[in-house]
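In: Got a sequence here, can you build the structure:
(chains A, B and C)
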Amino acid sequence: MVASSINVAQNVGFYLIAAVMVGAAISVVSNRNVVHAALSLVLVMAGAAAQYLLLAAEFVAVTQVLVYIGAVMVLFLFGVMLTRAKLGRDGDLNNRNWGLGIPVAVLMLGVISWAVLDGWKDATLPADRGPVSTKAVSDSIFQPYLLPFWALSFVLLIAAIGAIVLARKD
Amino acid sequence: MWVNNFLILGAILFCIGVYGVIARKNAVMVLMAIELILNSVNLNLLAFSQMHHNADGNVFALYIIAVAAAEVGVGLSMVLLIYRNRRSIALDELSEMKG
Amino acid sequence: MLLAAEDAAAEATHAAGWFLTHAWLIPLIPAIAFFVIILFGKRMRFHGAEVGIASMVAALVIAAGTAVQWIRYTGHEAPPVIRSWTWWQSGNVRFGLGQHIDGLAVMALLLVAFISTLVQIYSLEYVRGDRRFTHFFASLTLFSAGMLTMVLAENMVQLILGWEIMGLCSFLLIGHWWEEEANSRAALKAFFTVRVGDMGLLVGTGVLFGLLGTFNIADINAKVAEGGGFSHRTLTLAAVALFIACIGKSGQFPLHTWLPDAMAGPTPVSSLLHSSTMVVAGVFLVARIYPVFHQGLDINVAGQHVNLIAVIGGITVLIAAALAFVQNDIKKVLAYSTVSQLGYMMMGLGVGAWTAAVFHIFTHAFFKCCLFLCAGSVSHTGSHHSFDMKKDMGGLFRKMPVTAWTWLLSTAALCGVPFFSGFFSKDEIIDSAHHNHYTIFWIVGLVGAFMTTAYMTRATYLTFFGQPRGAAAHFVHGDHGDHGDAHADPAVDTHGAHDTHGDVRHSRPLPFAPHDSGWLITVPLIILAALAVVSGYLNAAPFHIEKFHHWVTPKVVEEMVPEGPAFRWLNALPSILLVAAGFAFSLYLCRQVYGAAASAWKGLTRRVAPLGAGHRFLVNKYYLDDLYEKVVVHGIAHPIAQGAYWINQHVIDGIVNAVGIGGKRTGGWVYRNIDQRVVDGAVNGSGAAAQGAGSALRPVQSGKVNQYGALLFSAAAVAALVLFVVNR
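Out: Residues are numbered from 1 along each chain as shown, chains lettered A, B, ... in the order given. As a prediction, this is how the structure comes out:
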């Protein structure tokens, strides 16, 4: 009984957050106000963090909040300000042939949904297993996936240097 | 809870992001749409991670977050450079790559 | 996961009263009020100000109740009242939200709630009609919520939460009039400088957690005080890292440069955030987890004459006091004075005078807040929104009696004139430095007292006495010619609140002839000035009153620091004499330099080269800003970029060239031997085909990124579809 009621609560939570996320995501790509679009993106990110919690990935959820909502969004807002984008409504944010996007997106959605629905018909998430512990994650990072970790640190270093080189004024 | 819930949500976000990349003119907005795409991938990875109950998906979700941060940093500094040179970041005015 | 179950209240809870166990409501009320203001404020009758003030009054009432019950509760040497709820949990590490109510927290809660209430009332008048009135009150309320969250924090994570909320509000409020570039620059500078220090807070908290395995403040204090079982060197590292955060937040040398610039914000903000409450957060943090610093830096160990905290505090006392001499902006004088007084508090903590330092937080808040509000009152109705003492003030004593008297009382308290509150707290610090064998810092404290009196005398003289000048003089002799001076600082004059004054025609007596401000401004001034006089009697050593010590000093600290010195008038004599000397010296100098009569002192810095150089050195703030911008930013960021460029030019190009040359040679060989003979025929045919296809596809290469994106994604979709269907 208890397990099933938790399940119901999880489902309700999932659908609520998913609805908010989809709505906000549509606002990101269609809003005419750059700042509002950026704030909608915050909403999507926060929703994603909530979904990660539902998926019992606490550490990733916290990282998502810290990195995306904390750092990346600030970068975006700085980018908006520094490029003097109009802060209010701006009718000129879309391409001339923006309509091309709709059929492509619908085609992709069709293909992916078909593949997904076909591939994992009724597969369910295990209900009773606890969260993936942070310890297990760090063990995986530093044992089997150490090499990608190194590569990633180089990527970050080069990105930091590259960003300085690109953005400095000569 | 079905795995499909999360996978379909990921797919929807992915396609919204794809639409954004194609339809937007402002370079900063295109970068935002790319962030949507990266997030949807993370959602999939974590769903699979929980389904098989091992940490691999979490690890790669973390890696993707790190790469996304680097990408935004470099991307925005490129946008800044373009803005400085051309006083505009409208992508359809940039056609140096025209063949 | 997110849970909301309370994790076992402390046993002591039952003995405590309702207010003590519900002190967590105090930050919650302003936090809710913030959302109400930001969402509905604009549509309200007073644009949200009423919600802000009501929430602060509610918080003040609960804080007062808490204080009363705490005083009753301390009768039996009570432990702190701790409650905690799980905020989230990762593995077996729990992050709590809750309250840690002890004397220090009660003192800070009462102080913050009280001063916030007064400043919000004052702001009703001061920013009336401002174009971002609602946002201003929302930010003030959020600030109070953040500060209150921090002071009753039960663990380090909650403390960081409140700490960062305060930083954000400081940024928002300094940049309140961000249309002026100077203001937004000041806001960014404050934010980034404090952030540099905040790194230390994160590192220090992490090190402490690694060392002691807990974020809980009570546990940290208890474990460190008990000693043993951890590495002393690591504890020192944690203490140094945490102290760096305090340097940034509390404007200590060498990160003090942001605080004077922060005066770009509206005056109520300066008086609330940047003098009486937020900037003492660093001092508060040191006091809160004092055992960490006391043990980590070996304070009061026999034979120690200097330590990090005392040195930084001592340097700050002197350099900031010296800078206050050369400022012409009244708020900048007060800002450097604040920096200098914060140095006193740090120095007090550094020499083991915990109670005196915390008591100085308490008294300083009242008189410094009052001084700032006086400066605001002067600019509001006395000097036409100018803060320049030399150009637009002077002779205001008669015209603004309430402001002038409250200013004088607070100044007396700040200088440490006997029987005013500053005397009891500051002298206790100076005396303790002597008593605990930190002779250097005893001398620093005495010199600081002399300098404090001297610069405050100068500021008082320039503002309230002597000849009226500039805006302050207008009404008197109708001199319209120099009115441009009043507008010399556009930052003060172009904001919305004062637009009505913008187009006053000066051919008639000006409507802003200096007079006292309205009661919304003068009543807070009077209350604060009264407290500046009497608040010292809570812990007046000469009269053997030790109530503050008894209520506030926690047991764990009391057992750690040496007993305070017994008060003797003979010990207080040097500082009293120096205060008198500073007053006399400065008054003489002011009358000579700024007075009407010709004097040999006038233009001294221009005639005597070494004095001039010293003056320039001070005016340029020791060139610290230049150091940060030119040397640190250009000196470090530039070489990195240069280095990357060099590597790009030499190393990577070298590799690319080598590969290119090798490739060319191989290519030559292949060309001569294989290509020419074998492949040619085949290639010619396919080349023609590729050329044809290329020109057919050429329109696709539009150079437009979005179109490439569309092609890429649709091709990927089609390919995926094909793969999927084939593999099914």
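
In: Which positions in the longest helix anywhere in chain B come out as buried?
Out: In chain B, with assignment by DSSP state H, the single longest helix is helix B:56-86. By neighbour count on 16 or more other Cβ atoms under 10 Å in any protein chain shown, the buried set for helix B:56-86 is B:56-66, B:68-80, B:82-83. Any C-beta I mention is one placed from the backbone N, CA and C, and that applies to glycine too.

In: for stretch C:687-696, same thing?
Out: Residues of stretch C:687-696 classed as buried by neighbour count (16+ other Cβ under 10 Å): none.

In: Ok, stretch C:712-719 next?
Out: Quick answer for stretch C:712-719 (16+ other Cβ under 10 Å): C:713-714, C:717.

In: Restricting to C-alpha, output stretch C:271-280 in CSV.
Out: What follows is stretch C:271-280, C-alpha atoms only, in CSV (Å, rounded to 0.1, in the frame of the first residue of the first chain):
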residue,chain,number,x,y,z
SER,C,271,23.7,53.1,7.0
LEU,C,272,22.0,49.7,7.2
LEU,C,273,24.2,47.4,5.1
HIS,C,274,27.6,49.2,4.9
SER,C,275,28.0,50.4,8.4
SER,C,276,25.9,48.8,11.1
THR,C,277,24.9,45.3,10.0
MET,C,278,26.1,43.5,6.9
VAL,C,279,29.8,44.5,7.2
VAL,C,280,30.0,43.2,10.7
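
In: tell me the helices in the stretch 551-700 of chain C, going along the chain?
Out: For the stretch 551-700 of chain C, the helices defined by DSSP state H, counting those that start in this stretch occupy C:555-558, C:569-594, C:604-607, C:609-619, C:624-626, C:638-647, C:653-670, C:680-697.

In: What average pLDDT does the fourth one get?
Out: Yep, that's helix C:609-619 we're talking about. Across helix C:609-619, pLDDT averages out at 71.

In: how distant is it from the center of its chain?
Out: 29 Å (Cα atoms, centre = their mean, to the nearest Å).

In: Buried residues in it, which are they?
Out: Neighbour-count burial for helix C:609-619, counted by 16+ other Cβ under 10 Å, picks out C:615, C:618.

In: neighbours of C:Ser410, just the number please.
Out: C:Ser410: 29 surrounding residues under other Cβ atoms under 10 Å in any protein chain shown.

In: Could you list which residues are in contact with it?
Out: Neighbouring residues of C:Ser410 by Cβ atoms under 8 Å, 6 or more residues apart in numbering or on different chains: C:366-368, C:370-371, C:374, C:528-529, C:532.

In: Out of these, flag the one nearest to C:Leu173.
Out: Proximity to C:Leu173 was ranked across the contacts of C:Ser410 by Cβ to Cβ; first place goes to C:Lys368, at 17.2 Å.

In: Assign the closest one to helix, strand or coil.
Out: With DSSP: H, G, I helix; E, B strand; the rest coil as the basis, C:Lys368 sits in helix.

In: for C:Phe46, same thing?
Out: Per three-state DSSP, the secondary structure class of C:Phe46 is coil.

In: Report pLDDT for it.
Out: C:Phe46 is assigned 80 on the pLDDT scale.

In: For it, which residues are in contact?
Out: C:Leu124.

In: Which parts of chain C belong to which domain?
Out: Using automatic domain parsing, the domain ranges for chain C come out as C:1-154, C:298-481+C:513-619, C:621-659.

In: a markdown table for those, including distance to C:Glu226?
Out: Listed next are these as a markdown table, based on distance: least, Cβ to Cβ, whole Å:
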| stretch | distance to C:Glu226 |
| --- | --- |
| domain C:1-154 | 15 |
| domain C:298-481+C:513-619 | 9 |
| domain C:621-659 | 41 |
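
In: weakest of these in terms of mean pLDDT?
Out: domain C:621-659 (a mean of 68).

In: Tell me, how many residues neighbour residue 119?
Out: Here I'm looking at chain A. Around A:Gly119 there are 12 other residues, counting by other Cβ under 10 Å.

In: That was the other one, I meant chain C.
Out: 28.

In: before we move on, what about C:Phe209?
Out: Residues near C:Phe209, counting by other Cβ under 10 Å, number 17.

In: so it makes contact with C:Asp219?
Out: No. Applying Cβ atoms under 8 Å as the test, C:Phe209 and C:Asp219 come out as separate, 10.8 Å apart.

In: so what sits against both of those two?
Out: Here C:Phe209 and C:Asp219 have no joint contacts, going by Cβ under 8 Å, 6+ apart.

In: Look up which helix or strand the residue positioned nearest the centre of chain A falls in, please.
Out: Most central in chain A under Cα atoms, centre = their mean is A:Met45, positioned 5.1 Å from the mean C-alpha point. Assessed by DSSP states H and E, A:Met45 sits inside helix A:34-54.
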